[in-house]
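Trainee: fold the stuff below for me.
(chains A and B)
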Amino acid sequence: MIPVYRFRGTPLQKSHPASQLLMVLTLITLALINDNPFYQLSIITAAGVLALSAGVFREWASWWKLCLFIGLAALIINPLVSRAGSTVIWRGPMVPVIGRLDITLEAIAYGAGMALRLTAVIWSFALLSLVMDPDRALGLLKGRGSRSALVSALSMRMVPTAMRDSSEILDAHRARGIAKDSGGRLEILKSRLPLLGGLVNTSLDRAIGLAEAMEARAYGTGRRSRYHTYRFSSGDVVIDSLMITLLGLSIAGLAAGLSAFTYYPNLSWKVTPAGIVLIFLPFICALLVLASSELSKRWNWLKLRI
Amino acid sequence: MELVKVENLSYWYPGRDDPSLAGVNLTLAAGEFVLLVGPSGSGKSTLCRALNGLVPHFYGGRMEGSVAVSGMETTACEVKDLAAHVGMVFQDPENQLVTENPVSEVAFGLENLGVDTVHMQKRVEEVLATLRLGALRNKRVSELSGGEKQKVVLASVLVMHPEVLVLDEPTSQLDPVSAQDFLATLKALNDELGLAVVLAEHRIERCFHFADRVVVLDEGRLLFNGTPSQMASWSRGKPWVPLPPITRLFLERNGAAPPLTVKQGRERLSALAGVNTSTALEMTGPEAPHADDENPRKRERRRRREDAPLIEVSDLWHVYPDGTESLRGIDLAISSGEFVAIIGENGSGKTTLVKHFNGLLRPSKGRVRLAGDDTKGRDVSLLARTCGMLLQNPNMMLVSDTVEGELETSLKALGGQPETWPALIEETLEEFELSPFRRENPADLSCGERERVALASVIINCPRLLVLDEPTRGVDQQTKNKLCRHLGDYHAQGNTVVLVTHDLEFAAEVCSRVILLAGGRALADGDKHRVLSESLFYTTQFNKSFRGLVPGVVTSADASRALEAMS
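Mentor: Residues are numbered from 1 along each chain as shown, chains lettered A, B, ... in the order given. As a prediction, this is how the structure comes out:
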């Protein structure tokens, strides 16, 4: 089961949703623009440190299965389909459409790099889903597109309900022998089709009930006011500054070729002290967020100011 | 001063020829607590919705007469204009919550009214504190219990400072403890804030004495409007009118001024016994309620010796994927022909236990045998031939477009001889009084009728073991009586029935054995008289009333005999 947002009361979870969004978008952008696998590793580690800081490390780490599955797929598929690379480590047979199945060291390395990149992106999204309160996130849209925000909020709220309903309907059908557990896949699938009808009926009933309840609470009266007002705190400024600095330095370093990593035709990486610092930069920024978070927990003076 | 005035109100839902309300006249003064009772389909929900304008604005249809709230005619203004005057709480909290956070939920109505942030925060915090919901502020709505959800809904209505609170069976989806807590909160709001309350409710034993007035509806007509005492007297000879069991007992026996609560009942019984309540009246003779004193272990050994059990559960543990240990080492045996009730608070493992009987859930540890065979590795559809199960919500069981089709689907699903099906279907339709609805869509039937269709669709396959999970939740007395009769008939044919329920009055009337679960363990198991008499809370109103005066009184028949002996 995919872990969902739970309030832990940590400074990172309490920060402004825009800051949380900026933090995660920075990590994703950096993962997408930089090819260096060590840089990807740094981003993954940074995401882990930020998850620790938000008090959601366990839930964040539980996404490892998805990361492993997608990462392995990239690692396996790329060497099989890529003909680039000069270091052939295994000469395979001729395969229709693909041609000769030569496995090169560079293609394996590129596959590994892609796997790390995908892992970095997935774990960054996981971080976002565990740090950002969905209601607050949608609250950002209030004013502009408030109706869409409400529809999205309702959809998100109804997901656990719909899942529970479908599980109950399936149990009811299995108990009657209508939904089968064994036999061919097609037979099982066919036996479970009435579930959809039941789910649609239940969802429609719920939708009517909800519409009624919303109208009874004056929905649609006129311009809505906002209960939650989001102000940027000093803590948000710290996060935003760190992320903007990280993004700026990383782009500048990349433009200057400081962390350039070449896969084809041969693996090459020019190691420089500045390049090493650049690679560690996401991790360092995450550590600073963790440090400010931990300090504010232990030091009331700081807590009141961040 | 009249806060609400309903004059000669009649209402027809779109496409219906029969009115759902017919010439209803009703007034409500500020601070009054009015209890609305009547069978399913009597018009309670329609009347509730007429008070805040949902009828006719939301539902359409035709309305005659008038409804005025605080001088505003509901037909002349919109539902949203009435929202600040009439707060409405519906049956299922799941269908009323809009956001995922309780605080945002409470603020939702005020945001709609455009109240400024400062005032809104003050009102929200005030309501959260009044209803003691502060601890939930950082939880997700999906993490809350049913009772907590319904309290959040109540808070979200109260925050709008309504003059009238209208509640349509708000406790029908709650367990007894949550229901009691919710109703106590409601009474406190009525007492302390002077808030006018209109409460439509089936479980009236918990709120009958709260009410200043009781209104009885049937087939859309207002039959009675008066105080609870007057209503009790008026109900004599009308068994369909819901009354607290102790009230009904005295009413049918002595007539005038029956007690309305357990406390009043005990006072009357003590006076009758002519002794202090602490002195037990010894009942002798063949008519004394039978208390079974046999040791449960001895009984278990005897039962095992006598015959092989239909269900045998050995050291059953169940752990859900999130790590919750729902069952912790359950041992029990249920023999053929038994009628067993499984009771206990929410989360005690009742539903989890019975879902092991037909393989819907598999043991994490331990073994379940059905008719001597281990359920491990056996298909649910195979086990369903021996163990039929009626789950909590009958709507979720139904798949066909007609009642007849529903029964045929059941027969088809479990195989058998197709040439026997028409006769079986006819017989079942007749037995469950469903023949008039045979070509109707089950979704268009009333709640009680749908419950009967779901039960019939299980019983038509004649399973040796019938398991029912909360069959009386949210149903009226007439539906309960019919269910009681059907289950009695089925049991009399030599079948075994297991009932999971919070409805102890119903369990006591129909079952012979009671198993009390708590924290995934069986705390008590034995004859209903013994188990229910030993419990202070998990027992019937009769037992609470006769406790210390006559031992072992749990059913209405026991109570009648005991009262007769005392008289």
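
Trainee: output the longest strand belonging to chain A.
Mentor: strand A:88-95 (DSSP state E).

Trainee: all strands of chain A, in order?
Mentor: Going by DSSP E, chain A shows strands at A:88-95, A:99-104, A:261-262, A:268-269.

Trainee: helices of the stretch 351-500 of chain B, residue ranges please.
Mentor: B:380-383, B:403-413, B:421-431, B:447-459, B:477-492 (DSSP state H, counting those that start in this stretch).

Trainee: just the closest residue of chain A to chain B, please.
Mentor: Residue of chain A nearest chain B, by CB to the nearest CB: residue A:209 (3.1 Å). Every residue, glycine included, has its C-beta placed from N, CA and C.

Trainee: tell me how many other residues crowd residue 248.
Mentor: As the question left the chain open, I've gone with chain A. For residue A:248, the count of nearby residues is 10 (other CB atoms under 10 Å in any protein chain shown).

Trainee: other chain: chain B
Mentor: For residue B:248, using other CB under 10 Å, the count is 21.

Trainee: what about it, which SS state?
Mentor: Under DSSP: H, G, I helix; E, B strand; the rest coil, residue B:248 falls in the helix class.

Trainee: sorry, back to before: switch the strands of chain A over to a markdown table; also include distance to chain B.
Mentor: What follows is the strands of chain A, written out as a markdown table (distance: least, CB to the nearest CB, whole Å):
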| stretch | distance to chain B |
| --- | --- |
| strand A:88-95 | 41 |
| strand A:99-104 | 39 |
| strand A:261-262 | 41 |
| strand A:268-269 | 44 |
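
Trainee: mind putting the ones you listed in a markdown table, mean pLDDT, mean neighbour count and distance to residue B:149 included?
Mentor: A markdown table is the format used below for the strands of chain A (pLDDT from 0 to 100; neighbours: other CB atoms under 10 Å in any protein chain shown; distance: least, CB to CB, whole Å):
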| stretch | mean pLDDT | mean neighbour count | distance to residue B:149 |
| --- | --- | --- | --- |
| strand A:88-95 | 84 | 10 | 58 |
| strand A:99-104 | 83 | 15 | 57 |
| strand A:261-262 | 90 | 16 | 53 |
| strand A:268-269 | 88 | 12 | 56 |
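
Trainee: dump the ones you listed to JSON lines, plus distance to residue A:200.
Mentor: Shown next, in JSON lines, are the strands of chain A (distance: least, CB to CB, whole Å):
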{"stretch": "strand A:88-95", "distance to residue A:200": "46"}
{"stretch": "strand A:99-104", "distance to residue A:200": "48"}
{"stretch": "strand A:261-262", "distance to residue A:200": "51"}
{"stretch": "strand A:268-269", "distance to residue A:200": "55"}
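
Trainee: to residue B:268, which of these lies closest?
Mentor: strand A:261-262 (90.0 Å; CB to CB).

Trainee: need the contact list for the nearest residue to residue B:181 once chain neighbours are set aside.
Mentor: Closest residue to residue B:181 apart from its sequence neighbours, by CB to CB, 6 or more residues apart in numbering or on different chains: residue B:147 at 6.1 Å. Residues in contact with residue B:147 (CB atoms under 8 Å, 6 or more residues apart in numbering or on different chains) are B:174-175, B:177-179, B:181-182.

Trainee: tell me who's in contact with residue A:100.
Mentor: Counted by CB under 8 Å, 6+ apart, residue A:100 has contacts A:91-94.

Trainee: give me the beta-bridge partners of it?
Mentor: Going by DSSP bridges, residue A:100 is paired in beta bridges with residue A:94.

Trainee: and if you look at residue B:69?
Mentor: Beta-bridge partners, per DSSP bridges, of residue B:69: residue B:4, residue B:72.

Trainee: where's it relative to residue B:88, distance?
Mentor: With distances taken as CB to CB, to the nearest Å, residue B:69 is found 12 Å from residue B:88.

Trainee: which neighbours do the two share?
Mentor: Shared contacts of residue B:69 and residue B:88, counting by CB under 8 Å, 6+ apart, come down to B:51-52.

Trainee: give me the more crowded residue out of these two.
Mentor: residue B:88 (28 against 25).

Trainee: close to chain A: what parts of the stretch 301-450 of chain B are there?
Mentor: B:321-322, B:355, B:358, B:360, B:379-381, B:384-385, B:388-389, B:391-393, B:395-399, B:409-410, B:413-414, B:443 (CB under 8 Å from any CB of the partner chain).

Trainee: for the residue nearest to residue A:136 when sequence neighbours are not counted, the count of nearby residues, please.
Mentor: Distances taken as CB to CB, 6+ apart place residue A:17 nearest to residue A:136, at 4.8 Å, with adjacent residues excluded. Residues near residue A:17, counting by other CB under 10 Å, number 20.

Trainee: show me what contacts residue B:171?
Mentor: B:150, B:178-179, B:182-183, B:201, B:203, B:206.

Trainee: do residue B:7 as well
Mentor: By CB under 8 Å, 6+ apart, the neighbours of residue B:7 are B:25, B:65-68.

Trainee: next step: those residues restricted to strands.
Mentor: B:25, B:65-68.

Trainee: burial count for the closest residue in space to residue B:346 that isn't next to it in sequence?
Mentor: Nearest residue to residue B:346, sequence neighbours excluded (CB to CB, 6+ apart): residue B:175, at 4.5 Å. If you count neighbours by other CB under 10 Å, residue B:175 ends up with 20.

Trainee: next, residue B:175: phi, psi?
Mentor: phi -80, psi 170 (degrees, to the nearest 10).

Trainee: how far away is it from residue A:115?
Mentor: From residue B:175 to residue A:115 the distance is 49 Å (CB to CB).

Trainee: quick check, pLDDT for the closest residue in space to residue A:110 that isn't next to it in sequence.
Mentor: Leaving aside its chain neighbours, residue A:110 sits nearest to residue A:263 (4.3 Å; criterion: CB to CB, 6+ apart). Here, the pLDDT recorded for residue A:263 equals 91.

Trainee: for residue B:482, same thing?
Mentor: 88.

Trainee: quick one: it and residue B:489, what's the gap?
Mentor: From residue B:482 over to residue B:489 the distance is 11 Å, taken as CB to CB.

Trainee: out of those two, which sits in the more crowded spot?
Mentor: residue B:482 (18 against 12).

Trainee: hang on, that one packs against residue B:449?
Mentor: No. Residue B:482 is beyond contact range of residue B:449, at 9.9 Å (criterion: CB atoms under 8 Å).

Trainee: format the CA atom coordinates belonging to stretch B:187-199 as PDB.
Mentor: The C-alpha trace of stretch B:187-199 is given here as PDB (Å, rounded to 0.1, in the frame of the first residue of the first chain):
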ATOM      1  CA  LYS B 187     -28.500  16.900  24.600                       C
ATOM      2  CA  ALA B 188     -25.800  19.000  26.200                       C
ATOM      3  CA  LEU B 189     -26.100  21.400  23.300                       C
ATOM      4  CA  ASN B 190     -29.800  21.600  23.700                       C
ATOM      5  CA  ASP B 191     -29.500  22.200  27.400                       C
ATOM      6  CA  GLU B 192     -26.600  24.600  27.500                       C
ATOM      7  CA  LEU B 193     -27.100  26.600  24.300                       C
ATOM      8  CA  GLY B 194     -30.900  26.400  24.100                       C
ATOM      9  CA  LEU B 195     -30.500  25.100  20.500                       C
ATOM     10  CA  ALA B 196     -33.700  23.800  19.000                       C
ATOM     11  CA  VAL B 197     -33.200  20.200  17.900                       C
ATOM     12  CA  VAL B 198     -35.200  18.000  15.500                       C
ATOM     13  CA  LEU B 199     -33.900  14.400  15.700                       C
END
